[in-house]
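> Here you go, sequence then predicted model.
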Amino acid sequence: MLELKGIGYTVREADGELGILNDISLTIDDHRLVVFTGPNGGGKTTLAKIIMGLVKPTSGRILWNGQDITDLGITERAKLGISYGFQQPPRFKGLTVRSLLTIASGDGKLSKDRCCQYLTKVGLCANDYLDREVDVSLSGGEVKRIEIASILARGSELMIFDEPEAGIDLWSFARLTETFEQIHAEGRATMIIISHQERIISLADEVVVVGDGEIRHRGSAQEILPKILADTTSICPVLTKGGVSK
Ligand SMILES: Nc1ncnc2c1ncn2[C@@H]1O[C@H](COP(=O)(O)OP(=O)(O)OP(=O)(O)O)[C@@H](O)[C@H]1O
Ligand SMILES: [Mg+2]
């Protein structure tokens, strides 16, 4: 179980302090699929990075399976079973796709078949990619899919995907969505997926709308999605303080 208790994040700027996240409290039970959505700049990525330990909150505590992990670094959190896929994944010159998957899996002798299975889940053919380097020669969509495959290979207990749909073609996106559905159905992991995609939001047990650094609304996909889709004004009703008004 993941518990966020009063998470705040403020940065110091030349003309004072800037609040990015304000008093976020949220509990996510095991094996749930939770989607964070909301407007650009709302604070979703910052919150995900705080859970992974890439950003340190200025207030609040984070508990994972009852343990306070607020002061733990990324490596320690990874060992406790938490993984995060960047919105814009880094590239690793000199590292092949096969090595990346092998390191991620923790299995020094990861077979070609296993690599192939992970790559297939994100719509890539192993023969074309295993010996490629994860460098600038890969397209944005390719590097994104390879990073998602590496998270699958890691087999973490808590997987956080930051806009997995970004830059991914429709065919691979369909394959990826099936993969999320499958992991969820098998109860293999807790997943937090940051997404703006209707197809992914519809998979969620719970949708959390983050706007202006706060949780603006929480509810089932069935409850929230129609409200988002029906809204044709510039102000989304689920972002209105106090929740859905229509
Ligand atoms: N270190 C920082 N210094 C100043 N501003 C920051 C810092 N980190 C984040 N921000 C700002 O905080 C806000 C939230 O950013 P964040 O990346 O979390 O948004 P997001 O919800 O993921 O947006 P998107 O949907 O565009 O990915 C943005 O306005 C961003 O510019
Ligand atoms: Mg983001």
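Looks like it arrived, so ask away. Ligands and ions are numbered 1, 2, ... in the order given.

> Count the neighbours of the residue lying closest to Tyr118 once chain neighbours are set aside for me.
Distance criterion Cβ to Cβ, 6 or more residues apart in numbering; nearest residue to Tyr118, sequence neighbours excluded, is Ala149 at 4.4 Å. C-beta coordinates here come from the backbone N, C-alpha and C atoms, glycine included. By the measure other Cβ atoms under 10 Å, the count of residues near Ala149 is 28.

> give me the element Ala149 is part of.
Taking DSSP states H and E as the criterion, Ala149 maps to helix 140-154.

> So what touches stretch 12-23?
Contact partners of stretch 12-23, identified using Cβ atoms under 8 Å, 6 or more residues apart in numbering, comprise 6-11, 43, 46-47, 50, 57, 60, 213-214.

> now that stretch: how far from the chain's centre is it?
24 Å (Cα atoms, centre = their mean, to the nearest Å).

> what is the mean pLDDT for that stretch?
In this model, stretch 12-23 carries a mean pLDDT of 94.

> hmm, it in reach of ligand 2?
No. Between stretch 12-23 and ligand 2, judged by Cβ under 5 Å from the ion, nothing touches; the nearest distance is 11.7 Å.

> Flag every residue of this protein that's near ligand 2.
Checking the chain against ligand 2 by Cβ under 5 Å from the ion, the hits are Thr45, Gln87.

> Point me to the residue of the chain nearest ligand 2.
Here the chain gets closest to ligand 2 at one residue, Thr45, 3.1 Å apart by Cβ to the ion.

> what kind of secondary structure is that residue in?
The three-state assignment at Thr45 reads helix, by DSSP: H, G, I helix; E, B strand; the rest coil.

> can you count the residues close to it?
There are 20 residues near Thr45, going by other Cβ under 10 Å.

> what's the answer for Ile82, then?
Counted with other Cβ under 10 Å, residues neighbouring Ile82 total 25.

> ok, it touching Ile50?
No. The pair Ile82 / Ile50 is not scored as a contact, 11.5 Å apart, by Cβ atoms under 8 Å.

> average model confidence for the next helix or strand after the helix holding Ala149?
Where DSSP H and E defines the elements, the next helix or strand beyond helix 140-154 is strand 158-162. The predicted model gives strand 158-162 an average pLDDT of 96.
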